[in-house]
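Q: show me how the following folds:
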Amino acid sequence: MVHSAYDSFELLNNCPARIDAVESHCSKLLVGCSDGSLRIYCPDSSGADRSPPSDPHALRKELYSLERTVAGFSKKALLSMKVLESRELLLSLSESIAFHRLPNLETIAVITKAKGANVYSWDDRRGFLCFARQKRVCIFRHDGGRGFVEVKDFGVPDTVKSISWCGENICLGIRKEYMILNATNGVLSEVFSSGKIAPPLVVALPSGELILGRICWSEAPTAVVIQKPYAIALFPRRVEIRSLRVPYPLIQTIALHNAHHVINSNNAIVVASNNSVYGLFPVPIGAQIVQLTASGDFEEALALCKMLPPEDANLRAAKEGSIHIRYAHCLFDNGCYEEAMEHFLASQVDTTYVLSLYPSVVLPKTSTIPEPEKLVDLSPDASQLSRDSSGWSDDLETSLTQPSESDDNAVLEFKKMSHNTLMALIKYLQKKRSGIIEKAAAEGTEEVVLNAVGDNFTSTRSKKSHKGRGNISINSAAREMAAILDTALFQALLLTGQLAAALELLKGLNYCDVKICEELLQKGNHYAALLELYKSNSMHREALKLLHQLVEESKTNQSQAALIQKFSPEAIIEYLKPLCGTDPMLVLEFSMLVLESCPTQTIDLFLSGNIPADMVNSYLKQYAPHMQGRYLELMLAMNENGISGNLQNEMVQIYLSEVLEWYSEISAQQIWDEKVYSPTRKKLLSALESISGYNPETLLRRLPPDALFEERAILLGKMNEHELALSLYVHKLQVPELALAYCDRVYESADHQLPGKSSGNIYLTLLQIYLNPKKTTKYFEKRIASLALSPNASVPKVGSAVSVKSKGGRKKIASIEGAEDLRVSLSNTDSSRSDGDGDGDVEESGEEVGSTFMFNQVLDLLSRRWDRINGAQALKLLPRETQLQNLLPFLEPLLRKSSEAYRNFSVIKSLRQSENLQVKDELYNQRKEVVKITSDSVCSLCNKKIGTSVFAIYPNGKTLVHFVCFRDSQNMKAVTRGSLTRKR
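A: I've put the predicted structure just below:
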């Protein structure tokens, strides 16, 4: 779009001779005329009201007058001139190339080899000059003084029409081609063709780049100069100004007749015609920006903003922001929504300003964020901007009004436009979000740190539990802006059907307004997103209530297969898992809702969540007693040591209650069998044997007197009432294998726990029961009855002197080793019966015993456990009429073991005696050693002679020391050892 980038001003007119070349130096014009003279013009200072120039070295926008004329400056007409500012030289191209000292124009060097040269290029950084004449390209270097040194001379295919340095190489325009000449070896490389009409024109940019026919001019220019951001081309009747930005649009055309020479001055473009010189002075950047903005050429205006000087950074930012906003509104109006959002983003305008274009997006109420119409103006154009855009929101709302349903095309077009606008908004908000969320999170962290050291730490911490979102008031501008942005982004995602993206937003750190988002999700039945919204705001009770409601609805409405799959009872368990460590009571409360349908998963939740077992047990006991035992089972299986004795006792009590209930039902049907085991009874027996945290006395009182003998036996064993337990196994259950297994357990446990004490007497106790079946049956029944009826009764000592009647008369059975330790006492009081009383009872009932006993069981016990039974004591207990042949399975391995042990001990004894003799022999040999002390014998410690002093000798028999020195050295070692020990 065309605008005024340069103002044309005639600096010089009516030059007496034809102008062939022109150059500027400081504020003066150097004009080379056809008569070979050089005319120097300076600003006309005749006006008295002229103010001093801001830059004395720049061309002025005023008429120039002749200062002086240098006649005979060149013999022939000047083709070109160039001022070398860094070296204070003037380069002129005429018959040859000459260099003149400025400002007096003294000729310091003439390159005669340049005679006939038509083009040249100067590399000011290195002081290199290259020129072309005929079909040769020569390179000279300025030596820093008054001379030039030839560097290279290369031949080229044809006459060079244009030339320019390109780094350390040279770009040439030859015929219709652009070529690169290697300045080191002269190798030519073709670049591309310039076309059939336009001659090759090489133009260097200030950055070192080249323009090689890239700009499409209206016709082939005679010369081109660059003054960023424009390229100025000279034509016979005009000057064209084009932007250097692709696609190089036309900016301005200035009519100038007979113009034939153009140069780039420090602040203007100088154009020379036959007898006049014109200055093209750039319009101030700010004025150009205003022109472009007013005409709607926002891209070019933004490009010019980047050229504002660094000291005007604030003005530049303000202008760019204003232009971006106006450009964004223009694009939005034309349906380019994504491009519009890019410019809104670049303008750094407040997010609420952009959201005001979307009336369908509901924003949360804030206390610190200003309304969009209250935004501070960003630039002098902001007032115009506000006037231009004041009706945008209303226009958008009107344009987005739902058309009538009868017009199908209009409905489709409306939906498409609404979707496109929201998609553009989503991209805009996503780009803005990271910075805003980062600031909000930083403010939250800073507040937590400040509150942690303040007096109001407790109150603020409860406030922080909701992350400062939802209905919690937030005194933070960053978090309020984050709430606005996230809420708007969430609504836009929902309105465009991107439910998955909305869920991802809620799963991460977000500041969505709970009330607004909750209402939208409820209307759209987006339950998964609603649950995530509650979860992200720590509203777990609301989330669990909703989950339970959805699960119940899925049960009643079986047609909604997707709903059943998504919202099953397992979903509640999965939700509760992360809450076990933070809110165990809430977990227990809502786990009761799914305990019936998912018992295993719920109990696994309790176990994996490390919820205190006592808390879970109490809760289950109150709300789900039928699941209490299952929980305790799994808890015990997971970690036996992790469950307290109280819980172990409670678990056993639960099992026992169920077994007693089962026993009552079976007994009522009169089909009770002691050897029938229900699953619960198996669990009870296993628990009674494996765990030890329960109270056996309490459980024993609950057992029926005529049943559950195996349970009773285990409990009696826990009370160390081994005789009673074994009696039950033998006489009531009549399962000797159980009695033997019981003895094995007692023996092995005692062997591990009390290694210094023999536990073989438990087998002797069983042996006594086998040998006295009738007596022990009556006796132990009496004791069990008394134990069950009288909680405080104690059990007297057993078997201190038990008598058995046989054929040969009455035999006194020896007391069993360790029997005095086997007592039954349900309290800490002493037994009310003495040992003598007990013996009397045995004697009184001795007549009833008879000679019958369980002989097969006795032999089986002796043969199977001969290695654990004291053989001498066992033989004393056996009746005299016992045949030795029957005892062979017992005596044979026992005698073999005894004989083997005797032999082994004999060998050991002999070896010890032999070792003792060897030590004594060695001692005698050592005592035979002779040490001879002479006058030359010296102490190894003090290096003094031994003489007649008391001495000591080391075991090697060679090292002699004074006894005093030896004693002192031993004392020193002891002291050193003690200090090292203290340091450790």
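Q: only C-alpha atoms from now on, for both contacts and neighbour counts.
A: Will do.
Q: so who does L89 touch?
A: V83, F99, H100, R101, L102 (C-alpha atoms under 8 Å, 6 or more residues apart in numbering).
Q: okay, and which of these map to strands?
A: If you go by DSSP state E, the contacts of L89 have V83, F99, H100, R101 in strands.
Q: burial count for the second one?
A: Taking other C-alpha atoms under 10 Å as the neighbour definition, F99 ends up with a count of 24.
Q: and of the ones in strands among the contacts of L89, the nearest to A287?
A: Nearest to A287 out of the ones in strands among the contacts of L89 is V83 (C-alpha to C-alpha; 30.9 Å).
Q: where do the helices of the stretch 451-600 of the chain begin and end?
A: 457-464, 477-495, 499-507, 514-524, 527-536, 540-556, 561-566, 569-576, 584-591, 599-608 (DSSP state H, counting those that start in this stretch).
Q: same question, the stretch 301-450 of the chain
A: Using DSSP H, counting those that start in this stretch, helices in the stretch 301-450 of the chain cover 313-333, 337-347, 351-355, 382-389, 392-399, 408-452.
Q: got TSV for the helices of the stretch 451-600 of the chain, with mean neighbour count, mean pLDDT and distance to V137 too?
A: TSV is the format used below for the helices of the stretch 451-600 of the chain (neighbours: other C-alpha atoms under 10 Å; pLDDT from 0 to 100; distance: least, C-alpha to C-alpha, whole Å):
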stretch	mean neighbour count	mean pLDDT	distance to V137
helix 457-464	13	40	79
helix 477-495	24	90	66
helix 499-507	17	90	66
helix 514-524	15	90	77
helix 527-536	21	89	76
helix 540-556	17	84	85
helix 561-566	14	50	83
helix 569-576	19	85	83
helix 584-591	19	85	91
helix 599-608	18	79	88
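Q: of the ones you listed, which is nearest C130?
A: Checking the helices of the stretch 451-600 of the chain against C130 by C-alpha to C-alpha gives helix 477-495 as the closest, at 62.0 Å.
Q: so which elements touch the closest one?
A: helix 351-355, helix 408-452, helix 499-507, helix 514-524 (3 or more C-alpha pairs under 8 Å, 6 or more residues apart in numbering; DSSP states H and E).
Q: how close does I869 get to L894?
A: 9 Å (C-alpha to C-alpha, to the nearest Å).
Q: D7 should be in a helix, yeah?
A: No: under DSSP: H, G, I helix; E, B strand; the rest coil, D7 falls outside any helix and is assigned strand.
Q: isn't it right up against Q288?
A: No: using C-alpha atoms under 8 Å, D7 is not in contact with Q288, being 11.5 Å away.
Q: circling back: let's see if you can find the most crowded of the ones in strands among the contacts of L89.
A: Once you tally neighbours by other C-alpha under 10 Å, F99 ends up highest among the ones in strands among the contacts of L89, having 24 neighbours.
Q: so what's the residue nearest to it when sequence neighbours are not counted up against?
A: Nearest residue to F99 in three dimensions, chain neighbours excluded: L91, at 4.8 Å (C-alpha to C-alpha, 6 or more residues apart in numbering). By C-alpha under 8 Å, 6+ apart, the contact set of L91 is M81, K82, V83, L84, I97, A98, F99, H100.
Q: what's across from the fourth one in the sheet?
A: What that stands for is L84. L89 (DSSP bridges).
Q: still on that earlier bit, for the ones in strands among the contacts of L89, which one is nearest F192?
A: V83 (31.6 Å).
Q: now the contacts of L89 as CSV including pLDDT and distance to Y64?
A: Listed next are those as CSV, based on pLDDT from 0 to 100; distance: C-alpha to C-alpha, whole Å:
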residue, pLDDT, distance to Y64
V83, 92, 19
F99, 93, 25
H100, 92, 23
R101, 90, 23
L102, 90, 20
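Q: I'd like the residues you listed as TSV, with distance to L506 appended.
A: As requested, the contacts of L89 are exported to TSV (distance: C-alpha to C-alpha, whole Å):
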residue	distance to L506
V83	68
F99	76
H100	76
R101	76
L102	74
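Q: what is the nearest of those residues to L688?
A: Once C-alpha to C-alpha is applied, the member of the contacts of L89 that ends up nearest L688 is V83, at 112.2 Å.
Q: surely that closest one and K28 touch.
A: No: using C-alpha under 8 Å, V83 is not in contact with K28, being 11.6 Å away.
Q: give me the residues contacting whichever strand or helix holds D860.
A: Assigned by DSSP states H and E, D860 falls within helix 855-864. Residues outside helix 855-864 that contact it (C-alpha under 8 Å, 6+ apart): P736, L740, L767, Y770, L771, I869, N886, L887, P889, F890.
Q: considering those residues, which is situated nearest to S940?
A: I869 (64.9 Å).
Q: picking that back up, V202: which of the helices of the stretch 451-600 of the chain is closest?
A: Of all those, helix 477-495 comes closest under C-alpha to C-alpha, at 52.9 Å.
Q: can I get the ones in strands among the contacts of L89 in a markdown table with distance to M592?
A: Compiled in a markdown table, these are given as follows (distance: C-alpha to C-alpha, whole Å):
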| residue | distance to M592 |
| --- | --- |
| V83 | 95 |
| F99 | 102 |
| H100 | 103 |
| R101 | 103 |
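Q: and which of the residues you listed is nearest to L280?
A: Closest approach between the ones in strands among the contacts of L89 and L280, by C-alpha to C-alpha: V83, at 18.9 Å.
Q: burial count for G321?
A: G321, neighbours per other C-alpha under 10 Å, totals 24.
Q: which non-adjacent residue is nearest it?
A: Spatial nearest neighbour of G321, chain neighbours left out: S347 (4.1 Å); criterion: C-alpha to C-alpha, 6+ apart.
Q: hang on, the one you found packs against Y327?
A: No: the criterion here is C-alpha under 8 Å, and S347 misses it with Y327 at 9.9 Å.
Q: give me the more crowded residue out of D7 and Q288.
A: Q288 (20 against 13).
Q: check which helix or strand covers that one.
A: helix 285-295.
Q: tilt between that helix and helix 313-333?
A: 10 degrees (axes from the mean of the first three to the mean of the last three C-alpha atoms, to 10 degrees).
Q: which residues touch helix 285-295?
A: 1, 3-5, 298, 300-302, 304-305, 307-308, 323.
Q: can you give me how far that helix is from the chain middle?
A: Chain-centre distance of helix 285-295: 50 Å, with C-alpha atoms, centre = their mean, to the nearest Å.
Q: hang on, the earlier thing: just the closest of the contacts of L91 to V191, please.
A: K82 (27.8 Å).
Q: ok, and the closest non-adjacent residue to that closest one?
A: L91 (5.1 Å).
Q: tell me the SS of the one you found?
A: Going by three-state DSSP: L91 is strand.
Q: list phi and psi for I251.
A: phi -100, psi -40 (degrees, to the nearest 10).
Q: for the host helix or strand of L700, name the packing helices and strands.
A: Secondary structure from DSSP H and E places L700 in helix 696-702. Here helix 696-702 touches helix 709-718, going by 3+ C-alpha pairs under 8 Å, 6+ apart.
Q: buried residues in the helix or strand that comes right after the helix it packs on?
A: As assigned by DSSP H and E, the chain's next helix or strand after helix 709-718 is helix 722-727. Under the neighbour-count criterion of 16 or more other C-alpha atoms under 10 Å, helix 722-727 has H722, E723, L724, A725, L726, S727 buried.
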